[in-house]
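[1] Below: sequence and its predicted model.
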Amino acid sequence: MVDFTKSDEPPIEARGILTQFGTKVIHENLDFRMNRREIVGLVGGSGAGKSVLMNTLLGLKEPEGGSVRYFGKQRDALSVSERKSINNEIGVLFQGGALFSSMTVRQNIMVPLREHTDMSEALMQELADMKVHMVGLPPEAATLYPSDLSGGMKKRAGLARSLALDPTLLFLDEPTAGLDPIGAHAFDQLILGLKDAMNLTVLMVTHDLDSLYAICDRVAVLVDKRIAIADKLEAVQNYDHPWVKEYFGGPRSRAAMSARVNSKQDKKT
Ligand SMILES: Nc1ncnc2c1ncn2[C@@H]1O[C@H](COP(=O)(O)OP(=O)(O)OP(=O)(O)O)[C@@H](O)[C@H]1O
C-alpha cells in the first residue's frame with residue numbers, strides 16, 4: 001500500500017474543472033484546494049453543482065476537463081494500487097446515511113472492512129464496535145437495524161461506516177439536514193472532535209449556517225460555475241457577490257452569527 005499521508009501536498013485539489021451534462025455547463029474553470037486538517041464548508045445555491053463537485057472530487061464523476069489531484073498526484077496518473085490506497089483514505093457520508101437496510105449497524109460498518117482488508121471476522125466486529133463508540137452511539141446500537149434508529153442515530157451510524165478504514169479525508173453531504181437544532185449542534189461537535197482525534201480533513205456540503213459558524217475553518221462558495229472564494233467566514237461574508245450578500249445578510253445568518261457571539265461570551269464567563 002502507498003502511504004500518501006506522508007506527503008506535504010494538499011490532500012485534495014481540483015484544477016480547471018469543466019463539468020457538463022449535454023450542453024449544460026455546471027462547472028467551468030473551477031479551482032479548489034483543501035489544506036490538511038481543516039474543515040471546509042461548501043455552500044452555493046440549489047442546483048449550483050455542489051453534489052456534482054463532491055462526486056468529481058471523490059472520483060465518482062469524471063470531469064469533462066481539468067484534473068483532480070490527491071496529495072499532489074493527478075488522479076489519471078495513479079496506478080491501480082495507488083488508486084486503491086487513495087480510496088481507503090477517503091470516507092464519505094451521503095445524505096440519509098445510505099445504510100443497507102437488511103444489515104445491522106455493526107454489519108454496515110463491517111462492509112468496507114470486508115471489502116478492503118483481510119481482517120478476521122472477530123477483529124472486524126471489534127473495530128466496528130469501536131466506531132460505534134467513537135460516534136457516540138450506545139453499544140447496543142451495533143445490533144440494531146437502520147429502521148430501528150432515529151434520524152440522528154442513522155447519521156452517526158453512517159458516519160461510523162465512513163470512518164471504518166480510518167480515512168484522512170472525510171466528505172459529508174449535508175450532514176445536519178433533517179436534524180433538529182440540538183441534534184445538529186451535537187453532530188457538529190462530534191465532527192469537530194473526530195477531526196481533532198483522527199487528524200481529518202473534512203469537506204462538508206451544507207446549507208446549515210450554524211455549522212458554518214460553529215465548526216468550519218473556511219467556507220467555499222460555488223457560484224457562477226466556479227469556487228468564487230474559499231476563505232475564512234469573515235472574508236467570505238464581505239465578498240461582493242449578490243448571492244453571497246443575500247445568503248449571509250439574511251435573518252437566518254444574523255441569528256446564527258449572534259448565537260456564535262453568545263456562545264463565545266458564555267465560554268469566557
Ligand atoms: N446525472 C445528471 N445528468 C444531468 N444533469 C445532472 C446530473 N446530475 C446533476 N445534474 C444537474 O447538475 C446541476 C447541479 O446539481 P447538484 O446536485 O450538484 O446541485 P447542488 O448544488 O448539490 O444542489 P442542492 O443544493 O439543491 O442539492 C443541476 O442542475 C442538476 O440537475
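    Noted; the coordinates are in hand.

[2] pLDDT averaged over stretch 188-200, what's the number?
    Across stretch 188-200, pLDDT averages out at 94.

[3] Pull the distance from it to the chain's centre.
    12 Å (C-alpha atoms, centre = their mean, to the nearest Å).

[4] same thing with stretch 208-218?
    Using C-alpha atoms, centre = their mean, the offset of stretch 208-218 from its chain centre is 13 Å.

[5] Now the nearest residue to P10 once chain neighbours are set aside: which helix or strand?
    Excluding the flanking residues, the one nearest P10 by C-beta to C-beta, 6 or more residues apart in numbering is R33, at 5.1 Å. Every residue, glycine included, has its C-beta placed from N, CA and C. According to DSSP states H and E, R33 maps onto strand 24-34.

[6] Look at I229 and give its secondary structure.
    Of the three states, I229 takes strand under DSSP: H, G, I helix; E, B strand; the rest coil.

[7] ok, it - contacts?
    Applying C-beta atoms under 8 Å, 6 or more residues apart in numbering, we find I229 in contact with V219, A220, V221, A235, V236, Y239, H241, V244.

[8] Next step: those restricted to strands.
    V219, A220, V221 (DSSP state E).

[9] In TSV, list the residues you listed along with pLDDT and neighbour count.
    TSV is the format used below for the ones in strands among the contacts of I229 (pLDDT from 0 to 100; neighbours: other C-beta atoms under 10 Å):
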residue	pLDDT	neighbour count
V219	97	26
A220	97	24
V221	97	24
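
[10] Touching, the residue nearest to P10 and I12? I think so.
    Yes. Contact status for R33 versus I12: in contact at 7.5 Å, counting by C-beta atoms under 8 Å.

[11] How many residues are close by V52?
    The tally of other residues near V52 (other C-beta atoms under 10 Å) stands at 19.

[12] in which helix or strand would I find it?
    Once you assign secondary structure using DSSP H and E, V52 falls within helix 50-58.

[13] Can you give me the distance of Y213 to the ligand?
    Separation of Y213 from the ligand (C-beta to the nearest ligand atom, to the nearest Å): 19 Å.

[14] Same check on E82?
    Distance, E82 to the ligand, by C-beta to the nearest ligand atom: 27 Å.

[15] same check, this time on I86
    22 Å.

[16] what's around that residue, how many residues?
    Using other C-beta under 10 Å, I86 has 22 other residues around it.
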